[in-house]
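A.B. asks: fold the stuff below for me.
(one chain, ligands or ions: 1)
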Amino acid sequence: MTTAIYSHPDCKLHEMGQWHPECPARLQAIEDQLIASRIDRFLDHRDAPEADIADIERVHTANAIARVRENAQSLSDSEYYPLDADTILNRHSWKAALRAAGAAVAATDAVIAGEIENAFCAIRPPGHHARPDEAMGFCLFGNVAIAAKHALEVRGLQRVAIVDFDVHHGNGTEEAVRGDERVLMVSFFQHPFYPYTEIPQIPPHNMVNVPVPAYTMGDTVHQLVTEKWMPALHAHRPEMIFISAGFDAHREDDLGQMGLVEADYAWITQQVMNVAKQHAQGRIVSCLEGGYNLSALARSVVAHVRVLAGID
Ligand SMILES: [Zn+2]
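C.D. replies: Numbering: from 1, shown residues only. Got it, this is the predicted structure:
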């Protein structure tokens with residue numbers, strides 16, 4: 001069984017301005033490092049299709065979808081359209097967003113069909129801040145939430161889990177799945193920090209989202225994964241696991257102030273693999289979220305994919 005990597009050239013055409021950290025070079029850096037580390041040749045490279053609108057509509061309102069489509073399609077080559085201060089469209093953004101969500105859905109289908117064991121989607125725009133009714137925080141559509149709903153409602157799975165290790169809280173994903181008994185979401189995130197979600201005293205019971213202070217290091221994260229994520233994941237017995245794989249909790253990433261390194265991402269990935277092997281026939285679809293230091297991002301993706309693909 002193989003690990004697939006889904007991507008598409010359209011994902012590099014979406015671009016939010018020269019100054020913007022969520023830039024096309026992120027995907028190039030990942031591709032380069034997969035080649036340099038010699039694991040590229042062990043992966044099944046697949047082109048991301050465009051998502052069906054019906055899949056996106058399981059998470060987003062028609063209005064939110066139309067706002068991205070109509071504004072992006074009205075732009076000329078050099079124009080931008082800001083949805084908010086740091087979430088910006090160019091004329092390729094609609095297609096890129098369709099490919100990003102489409103990658104997650106196609107990977108889900110391929111994993112459930114048994115064509116591949118697991119997949120990493122090297123995609124942008126990222127998704128976990130995108131709220132059901134509005135784009136937010138560099139994110140247009142909630143790729144992971146869309147794929148999770150597809151697995152449940154189209155492919156008939158009963159229970160799935162979402163693991164989010166981005167430095168930021170996946171507020172959009174949480175909004176999309178909060179209260180849905182079929183979904184367990186586990187995460188950690190720097191707090192207080194963007195997107196400044198209010199942390200309820202009593203969290204919804206399908207959420208194990210653990211806030212941690214700035215400068216939290218890998219050993220603390222290992223402990224919270226072991227003590228908080230693992231019992232909840234085993235109790236939920238997911239039939240498939242989705243990962244919001246953001247790498248901006250890396251110590252070299254200036255958008256976050258946490259202290260993870262490549263070995264921590266490898267360790268977390270192995271823990272998730274163990275749960276997937278026990279309950280979910282190994283089924284994992286991992287989607288790129290944040291990660292803005294190009295070198296740290298690319299090295300961390302290699303560490304993550306190496307574990308997914310079982311390459312020593
Ligand atoms: Zn992030």
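A.B. asks: my guess is Tyr292 meets Asp254, correct?
C.D. replies: Yes. With contacts defined as Cβ atoms under 8 Å, Tyr292 counts as touching Asp254 at a distance of 7.0 Å. For every residue, glycine as well, the C-beta is placed using N, CA and C.
A.B. asks: the closest residue to the ion within the stretch 51-200 of the chain: neighbouring residues, count only.
C.D. replies: Using Cβ to the ion, His168 is the residue of the stretch 51-200 of the chain that sits closest to the ion, at 3.6 Å. His168 has 28 neighbouring residues, counting by other Cβ atoms under 10 Å.
A.B. asks: do the same with Gly179
C.D. replies: Gly179 sits with 9 neighbouring residues when counted by other Cβ under 10 Å.
A.B. asks: rewinding a little: who has more neighbours, Tyr292 and Asp254?
C.D. replies: Summary of the neighbour comparison: Tyr292 and Asp254, criterion other Cβ under 10 Å, with Tyr292 having more neighbours (22 against 11).
A.B. asks: element containing that one, please.
C.D. replies: Secondary structure from DSSP states H and E places Tyr292 outside every helix and strand.
A.B. asks: mind checking how far it is from Arg237?
C.D. replies: From Tyr292 across to Arg237, the span is 35 Å (Cβ to Cβ, to the nearest Å).
A.B. asks: repeat for His168
C.D. replies: Counting by Cβ to Cβ - His168 and Arg237 are separated by 28 Å.
A.B. asks: nearest to the ion: which residue in this protein?
C.D. replies: The shortest separation between the chain and the ion is 2.8 Å, found at Gly290 (distances taken as Cβ to the ion).
A.B. asks: that residue reaches His250, doesn't it?
C.D. replies: No. The criterion here is Cβ under 8 Å, and Gly290 misses it with His250 at 9.8 Å.
A.B. asks: what residues are shared contacts of those two?
C.D. replies: Taking Cβ atoms under 8 Å, 6 or more residues apart in numbering as the contact rule, Gly290 and His250 both touch Gly256.
A.B. asks: which parts of this structure are helices?
C.D. replies: Along the chain, the stretches classed as helices by DSSP state H are 10-13, 25-36, 53-56, 62-73, 93-112, 143-153, 171-177, 218-224, 230-236, 262-279, 294-308.
A.B. asks: just send the ones you listed back as a markdown table, with mean neighbour count too.
C.D. replies: Written out in a markdown table, the entries for these read as follows (neighbours: other Cβ atoms under 10 Å):
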| stretch | mean neighbour count |
| --- | --- |
| helix 10-13 | 20 |
| helix 25-36 | 18 |
| helix 53-56 | 18 |
| helix 62-73 | 16 |
| helix 93-112 | 26 |
| helix 143-153 | 28 |
| helix 171-177 | 25 |
| helix 218-224 | 15 |
| helix 230-236 | 16 |
| helix 262-279 | 19 |
| helix 294-308 | 23 |
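A.B. asks: redo those as TSV? Include distance to the ion and mean pLDDT.
C.D. replies: Putting the helices of the chain into TSV (distance: least, Cβ to the ion, whole Å; pLDDT from 0 to 100) gives the following:
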stretch	distance to the ion	mean pLDDT
helix 10-13	17	98
helix 25-36	12	98
helix 53-56	21	98
helix 62-73	20	98
helix 93-112	15	99
helix 143-153	13	99
helix 171-177	11	98
helix 218-224	15	98
helix 230-236	22	98
helix 262-279	14	98
helix 294-308	11	98
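A.B. asks: which one of these lies nearest to Arg159?
C.D. replies: helix 230-236 (6.0 Å; Cβ to Cβ).
A.B. asks: quick one: list the elements packing against the closest one.
C.D. replies: The elements that helix 230-236 packs onto, with contact taken as 3 or more Cβ pairs under 8 Å, 6 or more residues apart in numbering; DSSP states H and E, are strand 160-164, strand 183-190, helix 262-279.
A.B. asks: change it to 10 Å
C.D. replies: If you count contacts as 3 or more Cβ pairs under 10 Å, 6 or more residues apart in numbering; DSSP states H and E, helix 230-236 packs onto strand 160-164, strand 183-190, strand 207-212, helix 262-279.
A.B. asks: partner strands of the third one and their direction?
C.D. replies: For strand 207-212, sheet partners with direction are given as strand 183-190 (parallel), following DSSP bridges.
A.B. asks: the partner strand - what's its average pLDDT?
C.D. replies: For strand 183-190, mean pLDDT is 98.
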